[in-house]
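J.: got a predicted model here, sequence first, then my questions.
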Amino acid sequence: MTKMQDIKKKSDAELTEMVQTARNTVREERFKDKFARKASIIRNAKTEIARALTELTARRNNGDTK
C-alpha cells in the first residue's frame, strides 16, 4: 500500500496511471470466481484510488502541479 507521503511526491501523470491500474485491479478481482477473490486486494486498491484522487483534487483546487 502506498503512503500519502509517497503519493504527494508523484506527478499528476503518475497519479493518473496509478488510479487506472488500481481500478483495473479492482475490476479483475471482482469478476474472479467467488472463492478466488481476495478482499484485501480489493480493499487496498480502493484505498490507493481514494488517496490518489484526493491528492489530484487538492492539487487542482490549489493550482499546485508538479
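T.: Done, it's in.

J.: how about the helices of the protein, start to end?
T.: 4-9, 12-30, 39-62 (DSSP state H).

J.: how about the first one: buried residues?
T.: When neighbours are counted by 16 or more other CB atoms under 10 Å, the buried residues of helix 4-9 are found to be I7. Bear in mind the C-beta positions are built from the backbone N, C-alpha and C, glycine included.

J.: how far does that helix sit from its chain's centre?
T.: 12 Å (CA atoms, centre = their mean, to the nearest Å).

J.: report how many residues lie close to A45.
T.: 21 (other CB atoms under 10 Å).

J.: possible to save the helices of the chain as TSV with mean pLDDT?
T.: Compiled in TSV, the helices of the chain are given as follows (pLDDT from 0 to 100):
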stretch	mean pLDDT
helix 4-9	90
helix 12-30	96
helix 39-62	94
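
J.: how close does the residue nearest to the spatial centre of the chain get to R37?
T.: Closest to where the C-alpha atoms of the chain average out (CA atoms, centre = their mean) is I49, at 2.5 Å. Distance of I49 to R37, given as CB to CB, to the nearest Å: 18 Å.

J.: how about the contacts made by the residue nearest to the centre of the chain?
T.: Applying CB atoms under 8 Å, 6 or more residues apart in numbering, we find I49 in contact with V19, A22, R23, V26.
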